[in-house]
Each structure stands twice: as structure tokens, then as C-alpha cells.
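> sequence first, then the predicted structure:
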Amino acid sequence: MKRSLFLTVLVALALMAFSLNPHPLKACCENRGDIDHSDGSDPINITDIVWMINYMFQGGPGPICLEEANVNGDNIVMDVADLIYLVDYMFRYGPPPPPCPGPPTVTLAFGETVWVEEFGFEVTFEEVSYDQRCPWWTFCPAPAYAEIVIRLGGVSGCIDRVYLPIIDNFIEAVGLLKIPVAECRHLFSLTQLSPYPEADQTIPIEDYVATIEISALDPPDGSVRDVVLTHADWVTDQPTQYFLNGLTLADDTLTLDVGHSGGLPHYFSLYMSPASFGGVPTRRANLCVVHHGWRDMLLAYWERSFKYSLRPVADLYEEFYGTVEPIEIHVLDSVFIWDPTQ
């Protein structure tokens, strides 16, 4: 009788909590169970349980990251089952929360079309622009490069053809250096292109298979993007000409005012390459600007501002040195001193 009553109350509480949480999941997850999104060396602690109880039963604020509040990974955000799971983990030696999901990935053969249910559009592997990757057991002095074209269907208001590059010498892990392309409020990255070339071999076009990561831009319009950290000394994406009209730094956001010729859309990436710091003191971070113009026709001259969060640079600094201190930011000929603690 008591067990039946307990289950009845538990189900009622779960339904009530679910009614308060009708929101879809959002890809911001670092640690499931870190309800207050505190990060740090001990991200899951008693304050997360207090936050859950306060939200579910006392009308407190909702979770900062919905996916982190999905403690047990069942796609129902912060219900009683999540609370019980977290209590079991912290005080009863229960299993840890499952890892956060990675970006959705699609794998498709040349000519194949795949419907991406999560985002509501289809992707077609339409073309291999070129494949200049270094064949197995040969020596190439420069990074190898390949590019494919995908076509997007079921979307409106954006370009339908997206050019996806990849750099993946066989000496390194395939797809180690990912170059993102922002189109249609999403981020696309070609993470693997197979088969890998061999000497004296021509790859039939129908044998190509591409693996692509897709994630939603946050914010949706891509108005603020992260600096991309790479461990290569060389970054390129067939950059076309652009004019850097100005740079400004406010808080942790770097704004690039750029002009460029050609049709739309164009996309600018800001890379820290290599992802290491020079100078003592102040330690220096070298950032480079890459303009993805996709070799389009010169139709007009455009000016636009792009904003980039320097927070990934500070996170990398803390990972390297265990502290956060002022960092000297170099972007082309411009130098800024940025203090992440302010």
C-alpha cells in the first residue's frame, strides 16, 4: 500500500514537473547534472539539487542549460526522475549522469539525400569539388585539402548549396582540423571524407562517403560566434579578398567590421592558431581571420560587422595554466590586452 502510494505521488510529481518543462533540448551541454551551469573542477554538487527542488516545487528559476538538466538522459527535462537520479549519484553511489550528446552527425554517400529530423531539412551530397589529400605512404610538405558541396532542401531564406572543406593529412587523425561553415542558422562541419586516397589510385565519384556534423547556431542568427581553436600552424579555407575596416573589443566580445566583394552569403571565421600561448608575460594569443567567399562572382560590395566571443580563449588559458590572467590578443596588426576576469 505504501509503495503504491509512493509511486502514485512520484508519478504525479513527475507529470507536474514535465508540464513546467515543455521546452525542446538545447545543445549547450557540458556536464549533465550541473543544473546551475557552474562548470569548474566540481560542477555537480549540492547546489544543483537545491536548484532543482526550488524550480520544481517552489517556482524558482529554470535551468540555465536544458540538456544539463536532463540528468538521466531520457529527453524529459528536469523531472522527478532526474532529481532521484542525481540524489542517488551523489549520496547512494548510483551511476553518474550519462555524457552530454555530441552534435548530430549524418553520413551519406555521393548522390544520397538524408532527412535530418532534428532540424527539419534534408541534405544531399551533391559534388566533390576537388580532393588534394596526400595519398597513403607519400610525403606532402603542405596540409592536404578536399572540398565537397552539399545541397539543403526544405529550408527557405538561405543559400541552398554549402561548400564544406576538410584538411586531414593521413599522419593526423582524419578530420582533426574542422572548418565550420555557417549557413541557414546552422553550423556544418565535414569531419570525414572516405575513402582516403592511395598512390596511383583514382577514386570513383560514386565511392565517396561524407560524414557531416550539424548544430544550431547559438544565438540562432549567429550574431556572436566563438573563436575556433586549432592545433595547426596553418589555417586556410580558400580565403578570398576582404577589407578589415576596424576591430573593437568590449567585455569578452571582439567585433570585426569587414568589407568584401561578391554575392551572399559570406562567412568569416576567427581562429586561434596554433592553440597555444606565447610571450611571458603577458601571454599572447594569435588570432587569424579567414573569409569564406566560395569563389563566387563579384556582384556587389558589402560591409558587415561580425562578433566573436573570446571566452574559448580564456577557457584554454585556464586549462593550460590553472588560472585566468590578462591575455594579449593579436589579430593581424591589431593588439588588445583582454582581462577575462573583468
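Nice, thanks for sending it over. Numbers count the residues shown, from 1 in each chain.
> burial count for L66?
L66 has 18 neighbours, counted by other CB atoms under 10 Å. Any C-beta I mention is one placed from the backbone N, CA and C, and that applies to glycine too.
> what about this protein, any weak spots by pLDDT?
Applying pLDDT under 70 to the chain flags residues 1-28, 39-40, 137-144, 156-157, 159, 167-183, 217-222, 231-240, 262-267, 292-299.
> which one's the longest strand in it?
strand 121-131 (DSSP state E).
> identify the bridge partners of the residue most central in space within the chain.
Centroid-nearest residue in the chain, with CA atoms, centre = their mean: S215, separated by 6.6 Å. Counting by DSSP bridges, S215 forms beta bridges with L187.
> now it: how far from A314?
Distance of S215 to A314, given as CB to CB, to the nearest Å: 22 Å.
> return the alpha-carbon coordinates of stretch 98-107 using CSV.
The C-alpha trace of stretch 98-107 is given here as CSV (Å, rounded to 0.1, in the frame of the first residue of the first chain):
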residue,chain,number,x,y,z
PRO,A,98,25.4,10.0,-18.9
PRO,A,99,27.7,12.2,-21.0
CYS,A,100,26.3,15.1,-23.0
PRO,A,101,25.3,14.2,-26.6
GLY,A,102,27.6,15.3,-29.4
PRO,A,103,26.4,17.3,-32.4
PRO,A,104,24.0,15.4,-34.7
THR,A,105,26.0,13.6,-37.4
VAL,A,106,24.9,12.4,-40.8
THR,A,107,26.8,10.0,-43.0
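> how far does that stretch sit from its chain's centre?
Mean C-alpha position of stretch 98-107 versus that of the full chain (CA atoms, centre = their mean, to the nearest Å) differs by 11 Å.
> all strands of the stretch 201-342 of the chain, in order?
Remark: strands assigned in the stretch 201-342 of the chain by DSSP state E, counting those that start in this stretch are 209-216, 224-226, 228-229, 242-250, 253-261, 267-272, 284-292, 301-309, 327-331, 334-338.
> list the buried residues in stretch 192-201.
192-193, 196-197 (16 or more other CB atoms under 10 Å).
> which of the residues you listed sits closest to M90?
Checking those against M90 by CB to CB gives Q192 as the nearest, at 38.3 Å.
> identify the bridge partners of the closest one.
Beta-bridge partners, per DSSP bridges, of Q192: T211.
> for the stretch 51-200 of the chain, what spans make up the helices?
With DSSP state H, counting those that start in this stretch as the criterion, the stretch 51-200 of the chain has helices at 66-69, 80-91.
> closest one to L287 among these?
helix 66-69 (29.0 Å).
> tell me how far the closest one is from the chain's mean position?
Per CA atoms, centre = their mean, the displacement of helix 66-69 from the mean C-alpha position of its chain is 17 Å.
> quick one: buried residues of that helix?
66-69.
> from start to finish, how long is stretch 228-248 in a straight line?
This stretch, stretch 228-248, spans 18 Å end to end (CA to CA, to the nearest Å).
> one more: stretch 152-162?
Criterion CA to CA; first-to-last residue distance in stretch 152-162 is 8 Å.
> distance of I166 relative to L193?
From I166 across to L193, the span is 6 Å (CB to CB).
> which residues do those two both contact?
A146 (CB atoms under 8 Å, 6 or more residues apart in numbering).
> tell me what the longest strand of the chain is packed against?
strand 105-109, strand 113-116, strand 146-153, strand 209-216 (3 or more CB pairs under 8 Å, 6 or more residues apart in numbering; DSSP states H and E).
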